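Participant: pasting the structure only:
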């Protein structure tokens with residue numbers, strides 16, 4: 001069995017700091033982007049973690065998040081992607097694009113990422129739970 005993806009296995013699910021979500025400069029990657037499936041799981045996980053940290057009543061299901069990430073990783077490996085490439089692309093995505101995509105996800109949910117109002121963040125999280133989205137399933 002392949003090991004869990006580098007970024008979460010070694011950092012205990014701590015994601016990129018979300019302070020200053022207003023934007024991050026996009027860089028042209030020399031390697032292909034991490035698979036869209038993994039991107040979605042990472043963005044939804046980071047956004048759910050932010051919502052859970054902001055709204056203690058909603059919380060964040062870190063074990064569930066680890067399972068979703070591991071399952072995405074296993075699926076990509078089963079589809080023939082090399083584990084080292086997945087891990088390298090994931091680290092690159094986290095360092096160059098994750099923060100901006102989390103900001104966009106929050107903004108799409110009615111939250112100002114530059115100055116998130118906790119009431120709006122909690123309402124967004126509750127809405128996601130009601131929609132049974134991936135993000136909503138990562139909240140308690």
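Facilitator: Thanks, I have it. The structure presented is a predicted model; accordingly, all values stated were derived computationally and were not measured.

Participant: this structure: helices as residue ranges?
Facilitator: Using DSSP state H, the helices assigned to the chain run over residues 6-9, 36-54, 62-78, 83-96, 98-108, 118-130, 134-137.

Participant: turn the ones you listed into CSV, columns for mean neighbour count and mean pLDDT.
Facilitator: Where C-beta positions appear, they are placed from N, C-alpha and C, glycine not excepted. Converted to CSV, the helices of the chain look like this (neighbours: other Cβ atoms under 10 Å; pLDDT from 0 to 100):
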stretch, mean neighbour count, mean pLDDT
helix 6-9, 18, 36
helix 36-54, 22, 95
helix 62-78, 17, 94
helix 83-96, 17, 92
helix 98-108, 19, 96
helix 118-130, 17, 96
helix 134-137, 20, 96
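
Participant: from residue 82, how far off is the nearest residue to residue 127 once chain neighbours are set aside?
Facilitator: Distances taken as Cβ to Cβ, 6 or more residues apart in numbering place residue 109 nearest to residue 127, at 7.0 Å, with adjacent residues excluded. Distance of residue 109 to residue 82, given as Cβ to Cβ, to the nearest Å: 34 Å.

Participant: more crowded one of those two?
Facilitator: residue 109 (19 against 11; other Cβ atoms under 10 Å).

Participant: can you pull the pLDDT of the more buried one?
Facilitator: Listed pLDDT for residue 109 reads 95.

Participant: isn't it up against residue 122?
Facilitator: No. Residue 109 is not in contact with residue 122 according to Cβ atoms under 8 Å; the separation is 11.1 Å.

Participant: so who does the residue nearest to residue 127 touch?
Facilitator: With contacts defined as Cβ atoms under 8 Å, 6 or more residues apart in numbering, the neighbours of residue 109 are 124, 127, 128.

Participant: of those residues, which is the nearest to residue 42?
Facilitator: residue 128 (16.1 Å; Cβ to Cβ).

Participant: could you measure from residue 134 over to residue 61?
Facilitator: 11 Å.
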